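# Need coordinates for the following:
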Amino acid sequence: MNSRAWMIGLLVIMAVICSSSLSFVNIKTAPIIQKNEEIKYMSTVLDVFDITFDRNNSDEIIAIIRERIEEREEQGLTLFFEKVKGATAVSFSGNGFQGPISLVVALDGFAITGFKLVSQVETPGLGARITEEEFQNSFIGKKVSDGISMTKSGSAGPGEFDAITGATETSRALERILTRGFKRYFETIK
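Predicted coordinates for the structure are as follows:
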């Protein structure tokens, strides 16, 4: 019985040491993780406007954002205005099939000029294919005055995008996020 109590005590001490160590590491790394997430978001905004920058230089990214991008909140939407070209982008987010999807879309009138995902947690190899460059580039030039719809035909029209094979629910979720977002965006800018 005495050896059992000693073993339980040792396990409790080890659990306290391990959890304290993990808590300490979390406290120390949380600000770094937060800054990296902000830099990633800023990089996505620069990408959607097709602005050249050094991905490994966070100071340069911050400087370019401050110099060239104006960010505004209007009626619950985050809007970005590129000061040199006069371009506009908007941030959308919503629920995907597996979890939240966040993206930034640049527009010229009713046409998409840039499309980049910020974050997603969709199924790897299926829904996560929305992160592929080819899929994102397929949105460039799409007309979205009436929203955008998904098609499974393989030959999407001007207001449509091709669904990802095997990821219909992710494609439907993206369709909902975009259509709702564009509706709110066009109501806001009127």
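# Burial check on Ser91, number of neighbours?
20 (other CB atoms under 10 Å). Backbone N, C-alpha and C define where each C-beta goes, glycine included.
# can you check Ile33 too?
Ile33: 10 neighbours (other CB under 10 Å).
# Kindly report the same for Ile112.
Ile112 has 22 neighbouring residues, counting by other CB under 10 Å.
# Next: Thr44.
Counted with other CB under 10 Å, Thr44 comes out at 20.
# Surely it and Lys116 touch.
Yes: between Thr44 and Lys116 a contact is recorded at 4.8 Å, counting by CB atoms under 8 Å.
# Overlap in contacts, those two.
Val104 (CB atoms under 8 Å, 6 or more residues apart in numbering).
# Ignoring the adjacent residues along the chain, who's closest to Ala106?
Gly114 (3.3 Å; CB to CB, 6 or more residues apart in numbering).
# Double-check that the one you found belongs to a strand.
Yes: when classified by DSSP: H, G, I helix; E, B strand; the rest coil, Gly114 is found to be part of a strand.
# quick one: pLDDT of it?
Model confidence at Gly114, given as pLDDT, is 94.
# all helices for this structure, in order.
Using DSSP state H, the helices of the chain run over 2-48, 58-68, 133-137, 168-189.
# right, and those - which one's nearest Phe92?
Nearest of the helices of the chain to Phe92, taken as CB to CB: helix 168-189 at 3.6 Å.
# Tell me which other helices or strands that closest one touches.
Applying 3 or more CB pairs under 8 Å, 6 or more residues apart in numbering; DSSP states H and E, we find helix 168-189 packed against strand 77-82, strand 88-95, strand 100-108, strand 149-151, strand 160-162.
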